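**Student:** Just the structure for this:
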Amino acid sequence: MTVFSARRLPIAAMALLVGLGAIGHVYAEVRGADISRTSGQLWYFCYSYSVVWWVETDRRAKGVTAPFEYSAFMFFGWPLLAPYYLFKCRRWRGLALGLGLILLSYVPYVAALAVYYVLDQ
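**Tutor:** Numbers count the residues shown, from 1 in each chain. Modelled structure (predicted):
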């Protein structure tokens, strides 16, 4: 298995996206600017897409069947559906992983908040 296998690529993309989002939010905070609403929405849509990509890759690897619209439902409702899917497939470990996905989406905001309080001192 290579480093960037088909199952690991969505996770790497999600990590890269969160890292870039954190850098962008921190940079904006250092400069005293705000992230535009459109940029925030774009980041959220990209993160939602990466979650759906990962769930679809995992679902196909595990052989879990789903209706045609499953990806669209997951895109719009991933904070509820991803933890449910992961709990269904992996039980309590999956639920913890799903909650980790939700917490991971807040990393850029928490990084900017930490820089705000460090610079405020």
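
**Student:** What residues sit buried inside stretch 101-112?
**Tutor:** By neighbour count with 16 or more other C-beta atoms under 10 Å, stretch 101-112 contains the buried residues 101, 105, 108, 111-112. In this view, the C-beta of every residue, glycine as well, is placed from N, C-alpha and C.

**Student:** And for stretch 81-93?
**Tutor:** 81-83, 85-87.

**Student:** Show me the shaky parts of the protein.
**Tutor:** 1-4, 121 (pLDDT under 70).

**Student:** From the chain's centroid, how far away is the helix or strand in which E29 is found?
**Tutor:** Remark: E29 resides in helix 9-31, with elements defined by DSSP states H and E. Relative to the centre of its chain, helix 9-31 is centred 11 Å away, using C-alpha atoms, centre = their mean, to the nearest Å.

**Student:** ditto for stretch 51-59
**Tutor:** 11 Å.

**Student:** what does stretch 92-104 give?
**Tutor:** Worked out by C-alpha atoms, centre = their mean, stretch 92-104 lies 11 Å from the chain centre.

**Student:** repeat for stretch 47-61
**Tutor:** 10 Å.

**Student:** hmm, who's touching that stretch?
**Tutor:** Here stretch 47-61 makes contact (C-beta atoms under 8 Å, 6 or more residues apart in numbering) with 6-7, 9-11, 13-14, 17-18, 21, 66, 70-71, 74-76, 78, 82, 85, 89, 101, 105.
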